[in-house]
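need a 3D model of the following:
(one chain, ligands or ions: 1)
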Amino acid sequence: MTQTVLITGASSGIGRATAQLLTERGFTVYGTARRPDRATPEQFRLLALDVRSDESVRACVDQVLSQTGRLDVLVNNAGYALTGAAEETSLAEAKAQFETNFFGTVRMVNAVLPGMRKAGAGRIVNIGSLAGLTAIPFSAFYCATKFALEAYSEALWHELRPFGITVTLVEPGFVHTRMTEAAQLVAGPLPAYEGPRRRVIAAMGRSVERGIAPEQVARCVLRIVESRAPRLRYRVGAEATWLPRLKNAAPWTVFAAGVRRRFAVDAST
Ligand SMILES: NC(=O)c1ccc[n+]([C@@H]2O[C@H](COP(=O)([O-])OP(=O)(O)OC[C@H]3O[C@@H](n4cnc5c(N)ncnc54)[C@H](OP(=O)(O)O)[C@@H]3O)[C@@H](O)[C@H]2O)c1
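Okay, here's the model as predicted:
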């Protein structure tokens, strides 16, 4: 029997590349998009899903189960970036960021777990980020959702182990996707942050442009899905590998100076 995989946010970027690769490898793949009618036709099935809605999540998971009778792998990939200084971010914007990036994953996991527990098997793959290990200025709430995903996934790993269900975090560095175009800028910018905000957003845009290919992340997900015993964490790309090590090893002031330089937080003299 071929395994059934559900990948959230497969209309572009990492989700799309992963859905394509797993389809080529013979998995039965269901990708999702909020507006599947507007998406490019794919080799895999594309279902409607908004991870912010309980009803949408339930309908999506029910559709997969009614069509295939099984759901072996869930890849929680849907997400977007909110940019702006923490002080410039309204609580509504911060909560909305959590609603998609964090609670969207929680909703999906809760919807698939009864079936996976019954089957005594399953794989949950959460697309985290290097930004879940080291924070980027002017992305405080995006990073907070990814840090939250780290803690949630780690606790879930322990809880689901007795049921034969594995939980894995994929932690890529910058990836060349349309994430910058899809990013949301805070609605109420403050003049006090204008210069650094502009420089940091430009630096992040350049980093995404020079980022690794989404196919590299897709190959990591394939490795996890095909592994008999996947680890809790997989880092993807050179930066995601060495930067957290440097953060642990170097004094904070040294590491922080590197981050400020990397993202051009301070005006060059
Ligand atoms: N690009 C990077 O540098 C990078 C690095 C590390 C981690 N990541 C993570 O990788 C994941 C994918 O990002 P990407 O770079 O591939 O960006 P992307 O190309 O913009 O893809 C984001 C996907 O999420 C979906 N999505 C957004 N809001 C949604 C919602 N409310 N409900 C359901 N789906 C929703 C989008 O689908 P629709 O808009 O069609 O609904 C789209 O398919 C994200 O979790 C991101 O945080 C990205």
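
how about the contacts made by Pro230?
Counting by C-beta atoms under 8 Å, 6 or more residues apart in numbering, Pro230 touches Arg123, Thr166, Thr168, Arg223, Ile224. Every C-beta, even on glycine, is put in place using the N, C-alpha and C of the backbone.

derive a PyMOL selection command for the buried subset of the residues you listed.
Buried residues among these (16 or more other C-beta atoms under 10 Å), as a PyMOL selection:
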select buried, resi 123+166+168+224
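
out of the contacts of Pro230, which are inside strands?
Those of these mapping onto strands are Arg123, Thr166, Thr168, per DSSP state E.

TSV please, covering the residues you listed and showing distance to the ligand and pLDDT.
Output for those, formatted as TSV (distance: C-beta to the nearest ligand atom, whole Å; pLDDT from 0 to 100):
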residue	distance to the ligand	pLDDT
Arg123	17	98
Thr166	19	98
Thr168	14	98
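
closest one to Gln67 out of the residues you listed, please.
Set against Gln67, the nearest of the ones in strands among the contacts of Pro230 by C-beta to C-beta is Arg123 (19.2 Å).

helix or strand for whichever residue of the stretch 51-200 of the chain sits closest to the ligand, which one?
In the stretch 51-200 of the chain, the residue that lies nearest the ligand is Gly79 (2.7 Å; C-beta to the nearest ligand atom). Taking DSSP states H and E as the definition, Gly79 sits outside all helices and strands.

who's in contact with the residue lying closest to it once chain neighbours are set aside?
Nearest non-adjacent residue to Gly79, counting by C-beta to C-beta, 6 or more residues apart in numbering: Asn101, 4.5 Å away. Going by C-beta under 8 Å, 6+ apart, Asn101 touches Gly79, Tyr80, Tyr142, Thr145, Lys146, Leu149.

just checking, the third one touches Thr89?
This points to Tyr142. No: in this structure Tyr142 lies outside contact range of Thr89 using C-beta atoms under 8 Å: 10.1 Å.

more neighbours: these two, which one.
Taking neighbours as other C-beta atoms under 10 Å, Tyr142 and Thr89 compare with Tyr142 leading, 25 against 20.

quote the end-to-end distance of stretch 31-47.
Stretch 31-47 stretches 6 Å from its first residue to its last (C-alpha to C-alpha, to the nearest Å).

mind listing what the closest residue to Arg219 other than its chain neighbours touches?
Counting by C-beta to C-beta, 6+ apart, Leu21 is the residue found nearest to Arg219 once chain neighbours are left out, at 6.8 Å. Leu21 makes contacts with Glu215, Ala218, Arg219, Val221, Leu222, as judged by C-beta under 8 Å, 6+ apart.

swap in Cys60?
Leu6, Thr32, Leu47, Ala48, Leu49, Ala111.

please list only the buried members of those.
Taking 16+ other C-beta under 10 Å as the criterion, what is buried in those is Leu6, Thr32, Leu47, Leu49, Ala111.

from the contact counts, what lies against the longest helix seen in the chain?
When the chain is parsed with DSSP state H, its longest helix is helix 140-160. Here helix 140-160 touches strand 82-83, helix 91-101, helix 103-119, strand 122-127, strand 165-172, going by 3 or more C-beta pairs under 8 Å, 6 or more residues apart in numbering; DSSP states H and E.

what helices or strands is the third one leaning on?
Helix 103-119 is packed against helix 54-68, strand 73-76, strand 122-127, helix 140-160, strand 165-172, with contacts defined by 3+ C-beta pairs under 8 Å, 6+ apart.

so which bits of that helix are buried?
Neighbour-count burial for helix 103-119, counted by 16+ other C-beta under 10 Å, picks out Phe103, Gly104, Thr105, Val106, Arg107, Met108, Val109, Ala111, Val112, Leu113, Gly115, Met116.

hmm, who's touching that helix?
Outside helix 103-119, the residues touching it (C-beta under 8 Å, 6+ apart) are 6, 8, 51-52, 54, 57-58, 60-61, 65, 70-72, 74, 76, 78-79, 122, 124, 126, 149, 152, 156, 160, 163, 165.

again, 6 Å this time
Val51, Val57, Val61, Leu71, Leu74, Asn76, Ala78, Gly122, Asn126, Phe163, Ile165 (C-beta atoms under 6 Å, 6 or more residues apart in numbering).
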